[in-house]
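J.: Generate a structure from the sequence data that follows.
(one chain, ligands or ions: 1)
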Amino acid sequence: MTKPKLLISRKIYDQVLTQLNDHFDVEYNAGDVVYSKEELIKKLQGKSAVMTTGTERIDKTVLVACPELKICANIAVGYNNFDVSSMTAHGVLATNTPDVLTETTADFGFALMMAAARRISESEHYLRKGFWTKWSLDMFTGADVHSSTLGILGMGRIGQAVAKRGAHGFGMNVIYHNRSKLSDPLEQACKARYVSKEELLRQSDHLVLVLPYTQEVHHCIAEKELGMMKRTATLTNIARGGIVDDAALVKALRSGVIAAAGLDVFENEPQLNPDLLGLSNVVLTPHIASSSTKTRTAMAQLAADNLIAFFKHGKALNPINQL
Ligand code: DGY
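T.: Residues are numbered from 1 along each chain as shown. I've put the predicted structure just below:
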């Protein structure tokens, strides 16, 4: 029997590749280059499946140019690189990798928030540059995390995991805003209280963004929203670039509108706003919140399992759209 043709658009783990080779006629991007749209379209000719990451955009142009495509399996829980309605219109199934990254991503969000609040990167750079000559009482004083108010915007699986760390581990008062209020049992498990977006901005000592990116939430944290936050507050973004207006955030960090930020995602990443690089009160990481070896392996495996299940049983494990 002829195997379906699969493009693996970025480098993955060898054990997952070996498994996919058993089921598919694979074209593999071993060099891990990021394809331009034209290259992606060229590589996708004759392919019925593609394994993508957030760096490959599957939109109407790609779908029209690649009529044999049947499934796109994203190695990510977020799928703002997919034009899902066009995929549905073209009969192309979209899948993602939920659950396997929840706890790892929440760990990282918490670490980034703590690093911003307690000025960990800033003080480390100071030490490495050889500036540390004496201990001082007020050296790098930051904001406490324990017993403070943790605000979460976007209370899905990762938001809830961040909330639990804050409430149960650090005795934080947890508030959240979300499209819909959680059920009472879920709120109790997270020890979290639903508030309006404005209350969230005004009351949070540490605000963590964990909402999926859509056009509706583009720049939903901009100058006005930052202006509502406490001057002592921190902002952490482990969701997606574009949710925060990075230029407005630079201004707010520079002028003391908020105290500090922790950013794992950026507008136009990997080209970030250069002004961010010059600020000492922001911790910057290259979109690695889910990056533990175990979790990234599990994400690639789940994307592979989605592809295998689709061709074997006609049903994927984590479909995003209904065909
Ligand atoms: C995700 O899973 O969405 C992560 O951000 C990796 O892209």
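J.: Mind pulling the model confidence for the residue nearest to the spatial centre of the chain?
T.: In the chain, the C-alpha nearest the mean C-alpha coordinate belongs to Ala239, at 3.9 Å (CA atoms, centre = their mean). Reading off the confidence values, Ala239 has pLDDT 98.
J.: pretty sure it is touching Cys220, no?
T.: No. With contact defined as CB atoms under 8 Å, Ala239 does not count as touching Cys220 (10.3 Å). Glycine gets a C-beta too; all of them are placed from N, C-alpha and C.
J.: how much space is there between Ala303 and Glu216?
T.: Shown here: Ala303 relative to Glu216, a distance of 27 Å by CB to CB, to the nearest Å.
J.: These two: which is more packed in?
T.: Relative neighbour count places Ala303 above the other of Ala303 and Glu216, with 29 against 7, counting by other CB atoms under 10 Å.
J.: you'd agree the more buried one is in a helix?
T.: Yes. In this structure, Ala303 lies within a helix as judged by DSSP: H, G, I helix; E, B strand; the rest coil.
J.: For Ile308, list the residues it contacts.
T.: Taking CB atoms under 8 Å, 6 or more residues apart in numbering as the definition of contact, the neighbours of Ile308 are Gln19, Leu20, His23.
J.: What is the neighbour count of the closest residue to the ligand within the stretch 151-300 of the chain?
T.: Closest approach of the stretch 151-300 of the chain to the ligand (CB to the nearest ligand atom) occurs at Ser290, with a separation of 5.0 Å. Applying the criterion other CB under 10 Å, we find 26 residues in the vicinity of Ser290.
J.: quick one, phi psi at it?
T.: Here is the backbone geometry of Ser290 (degrees, to the nearest 10): phi -90, psi 10.
J.: wait, doesn't it sit right on Thr104?
T.: Yes. Using CB under 8 Å, Ser290 makes contact with Thr104 at a distance of 5.5 Å.
J.: Report the spatially nearest residue to the residue of the stretch 151-300 of the chain closest to the ligand, omitting neighbours in sequence.
T.: Leu101 (4.1 Å; CB to CB, 6 or more residues apart in numbering).
J.: Which pLDDT value goes with the one you found?
T.: The predicted local confidence for Leu101 is 98.
J.: Could you shift the numbering so residue one becomes 27, and keep it that way?
T.: In the new count, where the first residue is 27, that last one comes out as Leu127.
J.: Quick check: residues of the stretch 77-226 of the chain near the ligand?
T.: Counting by CB under 6 Å from any ligand atom, the residues of the stretch 77-226 of the chain lying close to the ligand are Gly80, Ala102, Val103, Gly104, Leu127.
J.: who wins for neighbours among those?
T.: Across those, neighbour numbers were computed from other CB under 10 Å; Leu127 holds the maximum, 26 neighbours.
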